[in-house]
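J.: Have a look; sequence and predicted model below, questions after that.
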Amino acid sequence: MGRLLRPLLRGTTYTRLLHLWVPMLVVSVWMFIDPSRPWVPALLLVPVGLIPAVRTGEGVQARLLLLPGDPDPGFSVAASATWRDRLRTVLWLEVRMALGAVSMFGCVWLPVLVHDLAAGAGGRVPHGMSVLPSVTPHWWFALLVPLPLLTLYGVVVGLGELVTVCARGLLGPSAAERLAALEERTEQLLERNRLARELHDSIGHALTVAVLQAGAARAAGDPGFTDRALAAIEETGRSALTDLERVLGVLRESGRPADSRPTLAEADRLLESARVSGAKVDAELTGPLESVPGPVSREGYRILQEALTNVLRHAGAVSVRVRVGVADDVLRLEVSNPLTPTAPVPGPGQGSGLRGIRERAALLGGRASTGPDADGWQVRAELPLR
């Protein structure tokens, strides 16, 4: 019994009933104008439903009254963009009015019927507005009282559920709207993935340099070397903090444009950081790097940063060969280093950093390869400029 009565205790049941009664206000006004043609309001709904903005109004009403408080009710609040949306809106208006008429009729006459049956069971003949004006009273009318009450329960609860199902089908997003929402969600996921890679590359590089510098300074026992190590840690930490603040700013304010990220024009900073960390860097930068398009230059910087970070993290203070050049509308990056006897050799596809290098290249229509070669470990990337 408690489960049966639970819907009657929910506010949503009565907001849905109110949603069904709203169209009946128009019908009630019309009945004062011309009661001989009650079908006219339903006919007038056809041109009304073809107005694009009506779909927005119906969607807002459905959200507020059919599923109040639901963060994702599944009702579109966009104006009709196609004739299919307009026709769906017309059909929805007709369905809403038909269900509203049934609910209004039931909520008015079913309580009257309960009253008539109860009066007849007591031996009294109903007077005034009555469903049973000329029926002889009998005691067994009392046995029929629950029937209209159950029917009224079905009208109040069942029609509310039915109109919600119809609204989801007729006011739900169209195929174009679903596609647009999917594209927006995909863009959000791609942006989150990009920001995650930014943090991984920047913070990972800063921590790697800091750990190596601190360890080398402690082992050297040279005040001059310690000062240089602390300076390198400070500079790398500031750069990482700048990247962190920029990423957090983008996350806090979705409409805020991202500040300019480092480009290959600042590659010397990366190379010097690797040298200060103990690596013997043989670098050669050729071609007009300053003319490389922004997106390519920024992703190239991150690829170079991740490659150098991997060298410092896995191989330590070894010789590193860096080649960055622009030729034939292609940016080519190559970072290679020998493998130490104790250095682990990642398998293909392992490590989020190496995967991030390949993903960065693929998003720009380029390609990247990482893995051992004849002389050690190599990272190679080719990014098209157009």
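T.: On my side now, so go ahead.

J.: tally of neighbours for the residue lying closest to residue 381 once chain neighbours are set aside?
T.: Using CB to CB, 6 or more residues apart in numbering and skipping the chain neighbours, the partner closest in space to residue 381 is residue 368 (4.0 Å). (C-beta placed from N, C-alpha, C; glycine too.) Counted by other CB atoms under 10 Å, the residues lying close to residue 368 total 21.

J.: Buried residues of the helix or strand where residue 368 lies, list them for me.
T.: Secondary structure assigned from DSSP states H and E places residue 368 in strand 367-372. Neighbour-count burial for strand 367-372 flags 368, 370 (criterion: 16 or more other CB atoms under 10 Å).

J.: got the contact list for it?
T.: Strand 367-372 is contacted from outside by 303, 339, 345, 348, 354, 357-358, 360-362, 377-382, using CB atoms under 8 Å, 6 or more residues apart in numbering.

J.: What pairs with the following helix or strand past that strand, parallel or antiparallel?
T.: Sequence-wise, the next helix or strand downstream of strand 367-372 (DSSP H and E) is strand 377-384. Using DSSP bridges, the strands paired with strand 377-384 are strand 330-337 (antiparallel), strand 367-372 (antiparallel).

J.: With distance to residue 96 and mean pLDDT as added columns, please give those strands in CSV.
T.: Formatted as CSV, the strands paired with strand 377-384 follow (distance: least, CB to CB, whole Å; pLDDT from 0 to 100):
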stretch, distance to residue 96, mean pLDDT
strand 330-337, 59, 91
strand 367-372, 56, 88
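
J.: So which of those strands is nearest residue 57?
T.: Evaluated over these, closeness to residue 57 peaks at strand 367-372, with 51.5 Å, by CB to CB.

J.: Distance from the chain centre to the closest one, please.
T.: Offset of strand 367-372 from its chain centre (CA atoms, centre = their mean, to the nearest Å): 33 Å.

J.: do stretch 139-154 as well
T.: 49 Å.

J.: what comes up buried for it?
T.: Buried positions in stretch 139-154, judged by neighbour count with 16+ other CB under 10 Å: 141, 144, 145, 148, 152, 153.

J.: now, among the residues you listed, which is nearest to residue 22?
T.: residue 152 (19.7 Å).

J.: doesn't that closest one fall inside a helix?
T.: Yes: looking at residue 152 with DSSP: H, G, I helix; E, B strand; the rest coil, it is inside a helix.

J.: wait, what's in contact with the nearest residue to it once chain neighbours are set aside?
T.: Once flanking residues are discounted, residue 152 sits nearest to residue 110: 4.3 Å by CB to CB, 6+ apart. Contacts for residue 110 (CB under 8 Å, 6+ apart) come out as 148, 149, 151, 152, 155.

J.: can you redo those as a markdown table with distance to residue 3 and pLDDT?
T.: As requested, these are exported to a markdown table (distance: CB to CB, whole Å; pLDDT from 0 to 100):
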| residue | distance to residue 3 | pLDDT |
| --- | --- | --- |
| 148 | 22 | 89 |
| 149 | 17 | 89 |
| 151 | 19 | 92 |
| 152 | 18 | 92 |
| 155 | 19 | 91 |
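
J.: Name the nearest of these relative to residue 265.
T.: Of all those, residue 265 sits closest to residue 155, with 72.5 Å by CB to CB.

J.: and which of the contacts of residue 110 is nearest to residue 73?
T.: Top of the list for closeness to residue 73, among these and by CB to CB, is residue 155 at 22.8 Å.

J.: And the closest residue to that closest one other than its chain neighbours, what's its pLDDT?
T.: Leaving out its chain neighbours, the residue that sits closest to residue 155 by CB to CB, 6+ apart is residue 106, at 3.7 Å. For residue 106, the pLDDT comes out at 91.

J.: Residue 106 and residue 113: what is the separation?
T.: 10 Å (CB to CB, to the nearest Å).

J.: the more surrounded of the two?
T.: With neighbours defined as other CB under 10 Å, residue 106 and residue 113 compare such that residue 113 has more, 21 against 18.

J.: any idea how far the helix or strand containing residue 300 is from the chain center?
T.: Per DSSP H and E: residue 300 is located in helix 294-310. Here helix 294-310 is found 28 Å from its chain centre; the criterion is CA atoms, centre = their mean.

J.: what helix or strand does residue 89 sit in?
T.: Per DSSP H and E, residue 89 falls inside helix 83-121.

J.: Same question for residue 282.
T.: Per DSSP H and E, residue 282 falls inside strand 280-286.

J.: For that strand, name the packing helices and strands.
T.: helix 267-276, strand 319-327 (3 or more CB pairs under 8 Å, 6 or more residues apart in numbering; DSSP states H and E).

J.: And what about the closest residue to residue 98 other than its chain neighbours, helix, strand or coil?
T.: Closest residue to residue 98 apart from its sequence neighbours, by CB to CB, 6+ apart: residue 42 at 7.9 Å. Of the three states, residue 42 takes helix under three-state DSSP.

J.: Burial check on residue 42, number of neighbours?
T.: Counted with other CB under 10 Å, residue 42 comes out at 15.

J.: number of nearby residues for residue 278?
T.: 16.

J.: does it count as helix, strand or coil?
T.: At residue 278, secondary structure determined by three-state DSSP is coil.

J.: confidence score at residue 287?
T.: You'll see residue 287 listed with a pLDDT of 86.

J.: measure it to residue 377 for me?
T.: Distance from residue 287 to residue 377, by CB to CB: 25 Å.

J.: shaky segments in the stretch 1-150 of the chain?
T.: Across the stretch 1-150 of the chain, the ranges flagged by pLDDT under 70 are 1-2, 125-131, 133-135.

J.: repeat for the stretch 151-300 of the chain
T.: In the stretch 151-300 of the chain, residues with pLDDT under 70: 175-176, 179-202, 205, 220-221, 243, 246-260.

J.: ok, now which ones touch the residue nearest to residue 98?
T.: Residue 42 neighbours (CB under 8 Å, 6+ apart): 94, 97, 98.

J.: wait, the first one sits on residue 45?
T.: Put plainly, it is residue 94. Yes: Residue 94 lies in contact with residue 45 (CB atoms under 8 Å); the separation is 5.9 Å.
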